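J.: Give me coordinates for this.
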Amino acid sequence: LESIPDQIAHLKKLKSLFLRNNKLTKLPEGLGLLQNLELLHISSNQLTALQHSISQCHSLKKIYANGNKIVNIPDKFFQHMENLVSCNLSNNQIKVLPLDFVEQFGHPIVTSGICKKDSDCTTTATIILEQNPVLCENQ
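T.: Here you go, the predicted model:
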């Protein structure tokens, strides 16, 4: 599978979307209209970016985007994802973390690649960033 039709945005009740192990290079912008989407599994594709429209899916609980070619995380990408529990971005090409990401989740632990703020923080999501160039830089 090399592309997803824009008509996917019409599936308003869709809760889970499994698109792993394909040849996707980008996702349709209409993905952000899927307000009931709770699980997005886009691992093992050829994605180079996370479209900012995904951040409009406020019901998302889990994102699997590992094993792609993603180079950055858009500013304020996770800002309105209050239901997010976990996001796996491991094995990508992410080199720099935006300041708002670090403020929200902290720096990744070098040995595990996991970002998770202390329990006194309101952020409870776990972000996995292992096997990304960002872990090789001084933080």
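
J.: could you pull out the strands for this structure?
T.: 16-18, 39-41, 62-64, 86-88, 114-115, 126-128 (DSSP state E).

J.: among those, where is the model least confident on average?
T.: Mean pLDDT across those is lowest at strand 114-115; the value there is a mean of 82.

J.: I would like the residues contacting it, please.
T.: Contact with strand 114-115 is made by 101, 105-109, 126-130, as judged by Cβ atoms under 8 Å, 6 or more residues apart in numbering. Where C-beta positions appear, they are placed from N, C-alpha and C, glycine not excepted.

J.: Switch those over to JSON lines; also include distance to residue 53 and neighbour count.
T.: Rendered in JSON lines, the data for the contacts of strand 114-115 read as follows (distance: Cβ to Cβ, whole Å; neighbours: other Cβ atoms under 10 Å):
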{"residue": "101", "distance to residue 53": "18", "neighbour count": "23"}
{"residue": "105", "distance to residue 53": "21", "neighbour count": "21"}
{"residue": "106", "distance to residue 53": "26", "neighbour count": "18"}
{"residue": "107", "distance to residue 53": "27", "neighbour count": "13"}
{"residue": "108", "distance to residue 53": "25", "neighbour count": "24"}
{"residue": "109", "distance to residue 53": "30", "neighbour count": "14"}
{"residue": "126", "distance to residue 53": "23", "neighbour count": "15"}
{"residue": "127", "distance to residue 53": "19", "neighbour count": "25"}
{"residue": "128", "distance to residue 53": "22", "neighbour count": "20"}
{"residue": "129", "distance to residue 53": "22", "neighbour count": "26"}
{"residue": "130", "distance to residue 53": "26", "neighbour count": "18"}
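
J.: Need the max-distance pair from the residues you listed.
T.: The largest separation in the contacts of strand 114-115, counting by Cβ to Cβ, is between 101 and 130 at 15.8 Å.

J.: Given the lowest-mean-pLDDT helix or strand in the chain, what are its sheet partners and their directions?
T.: Least confident helix or strand of the chain, by mean pLDDT, DSSP states H and E, is strand 114-115 with a mean of 82. In the sheet, strand 114-115 lines up against strand 126-128 (antiparallel) (DSSP bridges).

J.: Quick one: the helices in the protein, in order.
T.: Remark: helices assigned in the chain by DSSP state H are 99-105.
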